[in-house]
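**Q** everything below, folded, please.
(4 chains)
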2 protein chains.
Amino acid sequence: MDPSDSLAAMTRRKSTPPTLSEVARRAGVGTTTVSRVINGGHRVSPETLQRVQRAIEALGYVPNQAARILKGYRTRTVGLIIPSIADPFFSECAEAIQAVARANDSLLIVTTTQNDPRAEIDNINVLMEHRADGLIIAPANAQSQTLRQVVSALAVPIVSIDRPIAQSSVPAVVADNFRGAAVATQHLIDHGYKRILCLTGESTLYTIRERILGYRRTMEAAGLEVLLDTSVKDYRSAEYAIESLLSTANPPDAIFTLKNSTTIFAFESLQKFKVAIPGSVALLGYDDFELASTVRPSISVVEQPIEEIARVAAEALFERLLGSADGNTHSMKGGQITLAVRLVPRSSCGCAPRLPEAAAADVSPHAEKRDGLKARTGRRS
Amino acid sequence: MDPSDSLAAMTRRKSTPPTLSEVARRAGVGTTTVSRVINGGHRVSPETLQRVQRAIEALGYVPNQAARILKGYRTRTVGLIIPSIADPFFSECAEAIQAVARANDSLLIVTTTQNDPRAEIDNINVLMEHRADGLIIAPANAQSQTLRQVVSALAVPIVSIDRPIAQSSVPAVVADNFRGAAVATQHLIDHGYKRILCLTGESTLYTIRERILGYRRTMEAAGLEVLLDTSVKDYRSAEYAIESLLSTANPPDAIFTLKNSTTIFAFESLQKFKVAIPGSVALLGYDDFELASTVRPSISVVEQPIEEIARVAAEALFERLLGSADGNTHSMKGGQITLAVRLVPRSSCGCAPRLPEAAAADVSPHAEKRDGLKARTGRRS
DNA sequence: TCCGGTAGTGGTATCGTTTCCATGGGATGC
DNA sequence: GCATCCCATGGAAACGATACCACTACCGGA
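**A** Next up is the predicted model:
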């Protein structure tokens, strides 16, 4: 308040930040009292409280988390390890998890791996150095031996999202990839399509493998030929694939793409070669995207409950964090929560989109639901 | 290596993580020596080094950053404060900044404000508690009095991105919004359009206001009527606006939208009312998006160098961080770096897209370029 | 009157690391 | 052969906040 004070404060702060004991000295009290003021001001007389608060203000004091953390057990910090922060799927996850973290007043530290298993281990180490209370991780490679070992030796709770860690007891929150693909495939079959081609894109990831399985089982059950193409990875390969198909004697009458980018590559290529959608070839994609309903024709997709995956995982983590304080770690022990996905039929599969949102059908009725699980409130409208 | 060792390690770690002195005791050396091993292992004999490393391995020791930070001056942590992590613009920023942080082996902590000035201040406080070495911030409100005060009292270097902080000496890295809008407007004028309507969306943000100005000046210079509509904020308002236009006696022949979402809203509405683009009305948007070239007609846009903004800002911050260690804080002192944007003509403005990428024209020739500034390598292809 | 309880307060050990300073010995320079 | 220097090493004092414990008033009840 006093100009000379704030000037002094600023001058001082340009070197080293003021400490708790400096505040104490200035307020003429002990360090304990200042500490109490910072932590709620209980058991401090009103006058002392005010005096200390004034000193804090004047010095521009900000408590040093490093020192706090060093003393206490919890750091109120959780880590999130994802392949990329620019990927809409994961940035939506990050946003949702951050909201939960904030609600549990913890800080979220997000690190990215670019799907490099080595970076993944590094990131775990960094977060352990910062003594994160817990970790949420979308494993780059579900099969990684190293990851499994590192994770099993970890002292803090972990939850994995989107992809489980094979043969480990790390709880996972995933979407029902198998059933999503199965329902999508069945939907195409119900439309009367017989030669349904599945474009997988990268086929090593857990999610994609599950989807392939869902597609395969459904086709087999219907007595139809399984048509898999793992070659489409960018525009070029998509164009090549589509072009080849057109010259085939018995071309597919529907295409099922297993990931976002593949859907877009396929869509562009089909447009380029002026293939009518769904007239000549129907198209159905996995994972919704913002403009799927804007492009013409609008693209039918399987929509994943991204925000819900993230939120459920984060809530499970904090449940364990709070629970373990009470020695109570019962829930989700090594379990897996599989969340329902929903088919969003639009034009590209041959559906006439009347009430696009209302027409959406929930699938995966057998998916486990947790207590108090709120329905997903879609962010895209 | 010895099974009993790792078992002991794990048992121990389930309670409290092993400390440096435990490692020291186990290796039969002093704490100083262990510290040296951790920090590069210089001035330690090979045998001792190995012994210590074995002990570290056996105990599963991970240094405690809190303790480290408490001692040292730098925390090797920088903060990034953005409105949202789910917004593609900012998630691309975050990704780029994280890359720079990693290269300077620092940890990036991303926090979000949802454009709430209060949350912004909170976030600054949190990051100060964690003693971040520096801050990068995309201010929710460029005019905020409070923010300006807080920021000016801050002890660490700050750089703002996308939007400057008014009347403050905080260096900013921004895109050339004025010129981008001017060039876009001129482009439409050159195409022969006379009644160019500008849909602003939210019009309070710095970036939007700059763009409005660029549009206005260009229209005025051409002797054309300035047509501004600030009402479009979602699908509903877009539909209403477009519908009203159609019944006007003298409707616009071109629409210039100032942000991504507005572009999409307008595009959808035009399609809904079967308005030919660019036949009846041309469309040109600000800010590129992934499917702008996929929709039919493809949408012409002004593309911003997002990754470059982020990278330049991060590099400037680290330059200051390293510089201030040498007492050398000369560069970018309170300056502003304005980066060139480029017009990407596609179909919606009436351009025949021959070589979409090659046809892109750099604008803003007078924009300052920094030494060693690499050309932007587009991530979308 | 004495005793127990409690609100307000301060002293001080402690967290895990770094860093300054000290020490002991072997090699080198004359 | 002695002083010198360097190298490998360890002891111990910080860093800033917390929490246990101790202490003083002061109040009310027996």
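
**Q** please make it C-alpha for all contacts and neighbour counts, starting now.
**A** Will do.

**Q** which intervals of chain A have sub-threshold pLDDT?
**A** Chain A contains residues with pLDDT under 70 at A:1-15, A:324-334, A:352-381.

**Q** which residues in it form strands?
**A** A:77-82, A:107-112, A:134-137, A:158-161, A:172-175, A:196-199, A:227-229, A:254-257, A:282-286, A:300-303, A:336-339, A:342-344, A:361-362 (DSSP state E).

**Q** relative to chain B, which of those strands is closest?
**A** Relative to chain B, the nearest member of those by Cα to the nearest Cα is strand A:107-112, separated by 5.6 Å.

**Q** what's the angle from that closest one to strand B:107-112?
**A** Relative orientation of strand A:107-112 versus strand B:107-112 (axes from the mean of the first three to the mean of the last three Cα atoms, to 10 degrees): 120 degrees.

**Q** for strand A:107-112, packing partners?
**A** For strand A:107-112, the elements it packs on are strand A:77-82, helix A:88-103, helix A:117-129, strand B:107-112, judged by 3 or more Cα pairs under 8 Å, 6 or more residues apart in numbering or on different chains; DSSP states H and E.

**Q** export the strands of chain A to a markdown table and tack on mean neighbour count?
**A** Output for the strands of chain A, formatted as a markdown table (neighbours: other Cα atoms under 10 Å in any protein chain shown):
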| stretch | mean neighbour count |
| --- | --- |
| strand A:77-82 | 25 |
| strand A:107-112 | 24 |
| strand A:134-137 | 24 |
| strand A:158-161 | 27 |
| strand A:172-175 | 26 |
| strand A:196-199 | 24 |
| strand A:227-229 | 14 |
| strand A:254-257 | 27 |
| strand A:282-286 | 29 |
| strand A:300-303 | 26 |
| strand A:336-339 | 21 |
| strand A:342-344 | 24 |
| strand A:361-362 | 13 |
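
**Q** which of these sits closest to DNA strand D?
**A** Closest approach to DNA strand D among the strands of chain A (Cα to the nearest atom of the strand): strand A:77-82, 15.0 Å.

**Q** just checking, what packs against the closest one?
**A** Partner elements for strand A:77-82 (3+ Cα pairs under 8 Å, 6+ apart): helix A:88-103, strand A:107-112, helix A:117-129, strand A:134-137.

**Q** if we go to 7 Å?
**A** Packing partners of strand A:77-82 (3 or more Cα pairs under 7 Å, 6 or more residues apart in numbering or on different chains; DSSP states H and E): strand A:107-112, strand A:134-137.

**Q** what's in contact with it?
**A** Here strand A:77-82 makes contact (Cα atoms under 7 Å, 6 or more residues apart in numbering or on different chains) with A:90, A:106-113, A:127, A:132-138.

**Q** give me the residue from the stretch 1-150 of chain A nearest chain B.
**A** Ranked by Cα to the nearest Cα, the top residue of the stretch 1-150 of chain A for proximity to chain B is residue A:66, at 4.5 Å.

**Q** ok, that residue - contacts?
**A** Here residue A:66 is in contact with B:66-67, B:69-70, B:130 (Cα under 7 Å, 6+ apart).

**Q** just the ones in helices from these, please.
**A** Using DSSP state H, B:66-67, B:69-70 are the members of the contacts of residue A:66 that sit in helices.

**Q** which member of those residues is positioned nearest residue B:22?
**A** For these, the residue nearest residue B:22 by Cα to Cα is residue B:67; the value is 15.1 Å.

**Q** for the contacts of residue A:66, which one is nearest DNA strand C?
**A** Out of those, the member with the shortest distance to DNA strand C (by Cα to the nearest atom of the strand) is residue B:67, at 4.3 Å.

**Q** need the helices for chain A, in chain order.
**A** All helices of chain A, identified by DSSP H, fall at A:3-15, A:20-27, A:31-38, A:46-59, A:65-71, A:88-103, A:117-129, A:145-152, A:177-190, A:206-221, A:235-246, A:260-272, A:306-325.

**Q** give me whichever of the ones you listed is most buried.
**A** Mean neighbour counts were compared across the helices of chain A using mean count of other Cα atoms under 10 Å in any protein chain shown; the top stretch is helix A:177-190, at a mean of 23.

**Q** that one - contacts with which helices or strands?
**A** Helix A:177-190 sits against helix A:206-221, with contacts defined as 3+ Cα pairs under 7 Å, 6+ apart.

**Q** for the stretch 51-200 of chain A, what lies in contact range of DNA strand C?
**A** Contacts of the stretch 51-200 of chain A with DNA strand C, taken as Cα under 7 Å from any atom of the strand, map to A:67, A:70-71.

**Q** most centrally placed residue in chain A?
**A** Nearest to the mean C-alpha position of chain A, by Cα atoms, centre = their mean, lies residue A:93 at 3.1 Å.

**Q** list the contacts for the residue nearest to that residue when sequence neighbours are not counted?
**A** Leaving out its chain neighbours, the residue that sits closest to residue A:93 by Cα to Cα, 6 or more residues apart in numbering or on different chains is residue A:310, at 5.0 Å. Counting by Cα under 7 Å, 6+ apart, residue A:310 makes contact with A:93, A:96-97.

**Q** quick check: residue A:310 vs residue B:193, distance?
**A** With the distance defined as Cα to Cα, to the nearest Å, residue A:310 ends up 48 Å from residue B:193.

**Q** you'd agree residue A:304 is up against residue A:339?
**A** No. Counting by Cα atoms under 7 Å, residue A:304 does not reach residue A:339; the two are 8.6 Å apart.

**Q** which neighbours do those two have in common?
**A** By Cα under 7 Å, 6+ apart, the residues touching both residue A:304 and residue A:339 are residue A:175.

**Q** what's the local residue count around residue A:191?
**A** Residues contacting residue A:191 under the criterion other Cα atoms under 10 Å in any protein chain shown number 14.

**Q** so how far is residue B:283 from it?
**A** Taken as Cα to Cα, the span from residue A:191 to residue B:283 is 37 Å.

**Q** next: residue A:239.
**A** 28 Å.

**Q** quick check: the gap between residue A:160 and residue A:316.
**A** Between residue A:160 and residue A:316 the distance is 10 Å, computed by Cα to Cα.

**Q** let me fix that, I meant to ask about residue A:199.
**A** 34 Å.

**Q** hmm, back to that, which one of the contacts of residue A:310 sits closest to residue B:276?
**A** For those, the closest approach to residue B:276 (Cα to Cα) belongs to residue A:93, at 38.1 Å.

**Q** what's near enough to touch that closest one?
**A** Residue A:93 touches A:306-307, A:310, counting by Cα under 7 Å, 6+ apart.

**Q** so what does residue A:293 have for phi and psi?
**A** phi -90, psi -10 (degrees, to the nearest 10).

**Q** just give the nearest non-adjacent residue to it, would you?
**A** Nearest non-adjacent residue to residue A:293, counting by Cα to Cα, 6+ apart: residue A:299, 6.1 Å away.

**Q** neighbours of the one you found, just the number please.
**A** Using other Cα under 10 Å as the criterion, the residues surrounding residue A:299 number 28.

**Q** I figured it hits residue A:347, correct?
**A** Yes. The pair residue A:299 / residue A:347 is scored as a contact, 6.0 Å apart, by Cα under 7 Å.
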